[in-house]
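> Build me a model from this:
(2 chains)
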Amino acid sequence: MIYADYNATTPLDPEVRAAMNEALGATFGNPSSIHSAGQAARRLVDRARAQVAGLIGAAPDEIIFTSGGTEADNLVVLGAAAAPLGDGKGIITSAVEHKAVLDPCAFLQSKGHAVTVLPVDRDGIVDLAALEAAVNTDVALVSLMLANNDTGTIQPVAEAVRAAKTIPVHTDAVQAAGKLPIDVKTLGVSLLSFSSHKIHGPKGAGALFVRYGTRLAPLSHGGRQERTLRPGTENVPAIVGFGKACELACTRLEADARRVAESRDHFEAQILARLAGTRVNGGSHRLPNTSNIAFAGLDGEAITINLDMLGMAVSTGAACNSADKTPSHVLVAMGQSAAEARSSVRFSFGRDTSDEEIDRAIHWVVQAVNLLRGVRL
Amino acid sequence: MSERIVIAMSGGVDSSVAAAMLKQAGHTLIGVTLKLQECHDAHGSKSCCGVDGITRAREVAGDLGFPHYVLDCVKDFEQLVLQPAWQEYASGRTPSPCLSCNEKVKFGLLLDWASRLGIPRVATGHYARLEKDEHGKPMLLRGRDAGKDQSYFLAGLTLDQLNRAIFPVGHLRKPEVRDLAKDGGLPTAETPESQDACLVAPGESYAEMLRKHFDAPARPGEIVDEAGKLVGQHDGFHVYTIGQRKGLPAGGPARRWVKAISPETGQVTVTSDASELVDTEFVAKQVNWLAGDLPALPLACSVQVRYRHASEPATIVTQPDGSLHVTLKTPVKAITPGQAAVFYDGDRTLGRGWIG
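Numbering: from 1, shown residues only, chains lettered A, B, ... in the order given. Sure thing, here's the model as predicted:
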């Protein structure tokens, strides 16, 4: 199988697995326990916290472990509304955020909070002028993703932080982490969420960076763990794996990004050259691994399933009646029609994607698209 | 010859065995389960929203080694099947939604979906057989297992739909299907019978479930006997069907049946005379002939006026408005408006019309 869905999840790195195996064995203690068994587990969590902080230039104390990106995003949005970070209770976000941000925002809106959803341009870049216009004292939080999961488009987060003035800014870095160098100091954000399984770590672990002095209310109560922001006994093996994955990402990020960008660019250039009616979504400033391609007149789901049958994993939605299929809210926010949006397929590559796989992927995509374009039943 | 085939999988034993047979024959399968209802519509019953079925179908596809996709048909199913079914109940008629589902969803949307993938054929676990006539046209025959035969539900398909359908278990009897499932180690070998039960929540009539789903008002009214004498009151005529005995007020004659439902007045008329329920003629509308063209009329054939019913000899003639006038050789009980009348020549399914 050619796995080209790294934005959905990634395979566990063997070194991560080895680190986790250790934590799954003798070190079973509860990190909150006072005794030596507890201390041993606590040391593993401490080390992981430092590794995770290292990937984004944070201090270990600024890392809150969660169950994943979705929980981290929810903790920010709902936690910000419960304990106003700024002076108000309103939230500003963008139309292309992940549902883990948009849905809690919609929930807050239903409870009476003012939610401003910033528009994006045709490349999916957020309108900073609209952000400046929306900034006022009633806003508690600005949440703007670092890179989009569907298109890979990178947002001007540092500029957004300046435009937001004193309002704390959160960035959902679930897709960006491990693919782009991130430094929370230069980025200037107060909050940043990311996830373990997108960077070759295990599922079930994520992190929220909470800058010193940023006020946030917990969603659950019942323990002192994670500065009381995320109580409950830590998922030690997953956290250990996450830590190792961050350490690996730190050391190999630059080389991996360069290599995967070359592969991705080659893939894109070949698809555009060999197939008429194709277009890349998301502009030029994108994650190095992501390629979201529109195939004019075709159904992205049909391409996805035909590729699956050939043995290649890519991503779109599935629905009974293609006319009723909910198209990607990201592509629709970028001004595309529902039909245009439904004609798109997301290819996302990763550190294990070989040159030979890229060549085979090109061949299969061309084959699947030509098959579908020739379909007359 | 090996071909790519979409297999519709409910998660039951029939479609699982159908899949196993096609796989055994060397075909490349694409398993699909249609999600027809949201879970929260299902009154908390797992089997109703199909989650159980989806899980089992995925397991079977995994065991047999082919991909499986879930298609979200919730909106389509509501528009194409549930809404028209409720309209029938609200008009005092009794719908046959399984026919609509086959015509519009399984061999409608799912065939279209397969077409978009470049796959011509869709298989299901229906108990019906397809054979070619002397001109190579497909003929829909009753399933070999008389007790399971589902040709009635497929009688509204067009020639094109039949040409693209495959029914791998149609020549088998149910115990043989179960044996194949057991021998093949399929996880669905012991699944209970689900046919006709899809969407019914325990303890509630299908009509009442639909009424709640669409948040439609019930139409209460009077229950009267043939002489017009008041027998009792009802909370909504949608729960009644012609020939029904249950749910009528106690007292009076020991046996009473629903004879007529008037949507205009909301009145439900009952009779204590069973002979009042039988009829020898009716009109069938929106007729579909499986062969694609109208047969020579008048036609002597047999007709089945509901699913659980033996077919009866009949003569059909066409009427000026295109509907059919059906005359039965012997009287049949409770010919119910809204049900499908399906015409047969022996085992061969000729077509269906809706009883007017």
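> Grab the nearest non-local neighbour of the residue of the stretch 151-300 of chain B found nearest chain A.
Per Cβ to the nearest Cβ, B:Arg164 is where the stretch 151-300 of chain B lies closest to chain A, at 8.5 Å. C-betas here are computed from N, CA, C, even on glycine. Spatially, and ignoring its direct neighbours in sequence, B:Arg164 is nearest to B:Arg121 (5.3 Å; Cβ to Cβ, 6 or more residues apart in numbering or on different chains).
> beta partners of the one you found?
B:Ile5 (DSSP bridges).
> For it, the count of nearby residues, please.
Using other Cβ atoms under 10 Å in any protein chain shown, B:Arg121 has 17 other residues around it.
> got the contact list for the residue lying farthest from the centre of chain B?
In chain B, counting by Cα atoms, centre = their mean, B:Lys229 sits farthest out from the average C-alpha position, at 36.3 Å. Residues in contact with B:Lys229 (Cβ atoms under 8 Å, 6 or more residues apart in numbering or on different chains): none are found.
> next one: B:Gly65
Going by Cβ under 8 Å, 6+ apart, B:Gly65 touches B:Lys23.
> same deal with A:Pro60?
A:46, A:49-50, A:52-53.
> do the same with A:Arg122
Contacts of A:Arg122 by Cβ under 8 Å, 6+ apart are A:283, A:334-335.
> Same question for B:Arg256.
For B:Arg256, the contacting residues are B:231, B:245, B:248, B:270-272, by Cβ under 8 Å, 6+ apart.
> What about A:Cys250, how many residues nearby?
For A:Cys250, the neighbour count with other Cβ under 10 Å is 16.
> low-confidence ranges in chain B?
B:39-51, B:194-203 (pLDDT under 70).
> and if we set it to 50?
B:41-49, B:196-197 (pLDDT under 50).
> Which strand runs longest in it?
strand B:278-289 (DSSP state E).
> what's the next secondary structure element after that strand?
strand B:299-304 (DSSP states H and E).
> Please pull up the helix or strand immediately following that following strand.
Criterion used, DSSP H and E; the element after strand B:299-304 is strand B:312-318.
> Return the distance of B:Asp160 relative to B:Glu3.
17 Å (Cβ to Cβ, to the nearest Å).
> what number of residues lie near the nearest residue to B:Gln286 once chain neighbours are set aside?
Spatially, and ignoring its direct neighbours in sequence, B:Gln286 is nearest to B:Trp354 (5.4 Å; Cβ to Cβ, 6+ apart). The local packing of B:Trp354 (other Cβ under 10 Å) involves 22 other residues.
> thinking again about what came up before, so which of the contacts of B:Arg256 belong to strands?
Short answer: those in strands (DSSP E) are B:231, B:270-271.
> Take the residues you listed and lay them out in TSV including distance to chain A and neighbour count.
Shown next, in TSV, are the ones in strands among the contacts of B:Arg256 (distance: Cβ to the nearest Cβ, whole Å; neighbours: other Cβ atoms under 10 Å in any protein chain shown):
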residue	distance to chain A	neighbour count
B:Val231	45	19
B:Val270	42	23
B:Thr271	44	18
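> Pick the one among these closest to A:Leu248.
B:Val270 (78.0 Å; Cβ to Cβ).
> what about the strands in chain A?
A:2-3, A:63-66, A:90-94, A:115-118, A:139-143, A:169-172, A:191-195, A:206-210, A:278-281, A:290-295, A:312-313, A:344-348.
> how about those strands in a markdown table, adding mean pLDDT?
Formatted as a markdown table, the strands of chain A follow (pLDDT from 0 to 100):
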| stretch | mean pLDDT |
| --- | --- |
| strand A:2-3 | 97 |
| strand A:63-66 | 98 |
| strand A:90-94 | 96 |
| strand A:115-118 | 97 |
| strand A:139-143 | 94 |
| strand A:169-172 | 98 |
| strand A:191-195 | 98 |
| strand A:206-210 | 98 |
| strand A:278-281 | 97 |
| strand A:290-295 | 97 |
| strand A:312-313 | 96 |
| strand A:344-348 | 96 |
